[in-house]
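Q: Just the structure for this:
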Amino acid sequence: MFKAEIVMTPNVLSVKRDTPIYEAIRLLVEHNITGLPVVNDDMSIAGIITEKDMLGLLYNIQDKPGNVGDYMTKGIVSFNKEDSLIDITECFLKNDFRRVPITSGGKLVGIISRTDIIKYIMKRRQK
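A: Here you go, the predicted model:
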């Protein structure tokens, strides 16, 4: 069985609920990524903030925009690093999101995106 940990990106960037939203945008742009896990102080997952969540800022660029907690998606799907890559792939096929946080012991340890799985498929095919 292929486990999540063989595909996940470890040491993933994350933000907290009280991170200013423009700081989160800066991280997305600087690191060329499309979403960030939102974590609590104990590194448990509180939600996720994505480009899609931030699009509404266009309407109030001049206003004080708030923090990540004002825009993040709550109640997200996450997987354990021991979970099957097949289960994660099926989840992507059934849902519109592009990434899932990966946990161990309830703490964030990585992230898997659709692109990570596509790269893994290509890598396996080349063997």
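Q: What segments of this protein are helices?
A: Taking DSSP state H to define them, one finds helices in the chain at 21-31, 51-54, 85-94, 114-126.
Q: Between those, which one is closest to Lys74.
A: helix 51-54 (10.6 Å; C-beta to C-beta). C-beta here means a position set from N, CA and C on the backbone, and glycine is covered the same way.
Q: averaged over its residues, what pLDDT does that closest one have?
A: Here helix 51-54 scores 90 as its mean pLDDT.
Q: before we move on, what about stretch 36-43?
A: pLDDT averaged over stretch 36-43 gives 97.
Q: of all the helices of the chain, which lies closest to Lys3?
A: Of the helices of the chain, the one closest to Lys3 (C-beta to C-beta) turns out to be helix 85-94, at 6.6 Å.
Q: Quick check: the closest residue to Ser113 other than its chain neighbours vs Ile33, distance?
A: Leaving out its chain neighbours, the residue that sits closest to Ser113 by C-beta to C-beta, 6 or more residues apart in numbering is Arg99, at 4.3 Å. Taking C-beta to C-beta, to the nearest Å as the measure, Arg99 and Ile33 are separated by 9 Å.
Q: Neighbour count: those two, which is higher?
A: Between Arg99 and Ile33, counted using other C-beta atoms under 10 Å, the more crowded position is Arg99 (22 against 17).
Q: residue contacts, that one?
A: 34-35, 48, 50, 111-114 (C-beta atoms under 8 Å, 6 or more residues apart in numbering).
Q: if you set the cut-off to 6 Å instead, what comes out?
A: Arg99 sits next to 35, 111, 113 when contact means C-beta atoms under 6 Å, 6 or more residues apart in numbering.
Q: Just the pLDDT for the last one.
A: Meaning Ser113. What the model reports as pLDDT for Ser113 is 95.
Q: what's the distance between the closest residue to Glu23 other than its chain neighbours and Lys52?
A: Leaving aside its sequence neighbours, Glu23 sits nearest to Val15 (C-beta to C-beta, 6+ apart; 7.3 Å). Using C-beta to C-beta, Val15 is found at 16 Å from Lys52.
Q: Please identify which of these two sits among more neighbours.
A: Remark: of Val15 and Lys52, Val15 carries more neighbours, 24 against 14, as counted by other C-beta under 10 Å.
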